[in-house]
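Q: Quick one, structure for this:
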Amino acid sequence: MKAPFYDPERDGITQTLLSNWLECRQKARYILEGWTPKRVSLSMINGTIGHAVLQYVYEAHRAAELSAVPSIQEIKKVVAKVEKIWKDENPKASKDAFQDLEMSLMFAEVVLPIYFDYWKEDYKKIQWESLEGSFKIPYVLNDGRTTFIRGKMDGVFKRGAGASWLFESKFKSLIVEADIVDCLALDIQVMLYLWALETQRKISPAGVYYNIVRRPGLKLGTPRRLRSSPSGSGRTS
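A: Just a heads-up that it's a prediction; the model follows:
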């Protein structure tokens, strides 16, 4: 008998699945049956490339291999590494996907040096506890079967002797700060990660550092970060 494309006991439950379920149950069903979009969006590829670059640079910082703002040439080397990984993982990508990849790589090479320089205080004040940390937490379904909640967090850090903070990065073309602050307490991804920290690692985070990197457009602006407590109150920093 052919194994099902998705099995909750085998594959677990992710934030993406929960979000799709809340958005549209039929959409979630199609995904669980193995249907996939014909094309990955530019924003998705841009986010994938951006997250990977941040991960490698911050990992170098955590390992004390990088103690200052990375140079443009250092970032270009990281971008080239990320490009190779993406192409290896997507050998049958469409022409449109490769076009979006090129745009995303250009974005990373131009914007991320500015981003790292703008937040250069990170190299003096942040002590990373984890980066791209995975979790897998057992969960009992209503029918008695056991599954698990799984996911991967961008990062968890401390500043000095203070409490831990969840670090969540987003790459957006539009930033409406007031809307983000209002909705952060209802963000299922953030809430799931905070729950995972408290459940699995017994950490009670002080809040969320919502790290937003804006994809260039016609309107100029600066990188923004929102700090939010678990109750949802927030301010820009």
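Q: Give me the pLDDT for the residue lying closest to residue 125 once chain neighbours are set aside.
A: Once flanking residues are discounted, residue 125 sits nearest to residue 159: 5.2 Å by CB to CB, 6 or more residues apart in numbering. All C-beta atoms are positioned from the backbone trio N, CA, C, and that covers glycine. pLDDT, residue 159: 85.
Q: In contact with residue 159, which residues are there?
A: 125-127, 165 (CB atoms under 8 Å, 6 or more residues apart in numbering).
Q: Of those, which qualify as buried by neighbour count?
A: For the contacts of residue 159, a neighbour count by 16 or more other CB atoms under 10 Å gives the buried set as 126, 165.
Q: from the contacts of residue 159, which is closest to residue 29?
A: Using CB to CB, the shortest approach to residue 29 within those belongs to residue 165, at 36.4 Å.
Q: In a helix, the closest one, correct?
A: No. Assessed with DSSP: H, G, I helix; E, B strand; the rest coil, residue 165 is strand; it does not lie in a helix.
Q: Okay, and residue 208 sits in which element?
A: Residue 208 belongs to strand 207-214 when assigned by DSSP states H and E.
Q: and if you look at residue 114?
A: With DSSP H and E as the criterion, residue 114 is inside helix 95-118.
Q: Please point out which parts of stretch 30-47 sit buried.
A: Going by neighbour count (16+ other CB under 10 Å), the buried part of stretch 30-47 is 31-32, 40, 42, 45-47.
Q: average pLDDT for it?
A: Averaging pLDDT along stretch 30-47 gives 87.
Q: Can you measure across that stretch, start residue to end residue?
A: In stretch 30-47, first residue to last residue: 24 Å (CA to CA, to the nearest Å).
Q: what sits up against that stretch?
A: Stretch 30-47 is contacted from outside by 5-6, 17, 20, 86, 94, 96-97, 100-101, 103-104, 107, 170-173, 215, using CB under 8 Å, 6+ apart.
Q: redo that, cut-off 7 Å
A: The contact list for stretch 30-47, computed with CB atoms under 7 Å, 6 or more residues apart in numbering, reads 5-6, 20, 94, 96-97, 100-101, 103-104, 107, 171, 173, 215.
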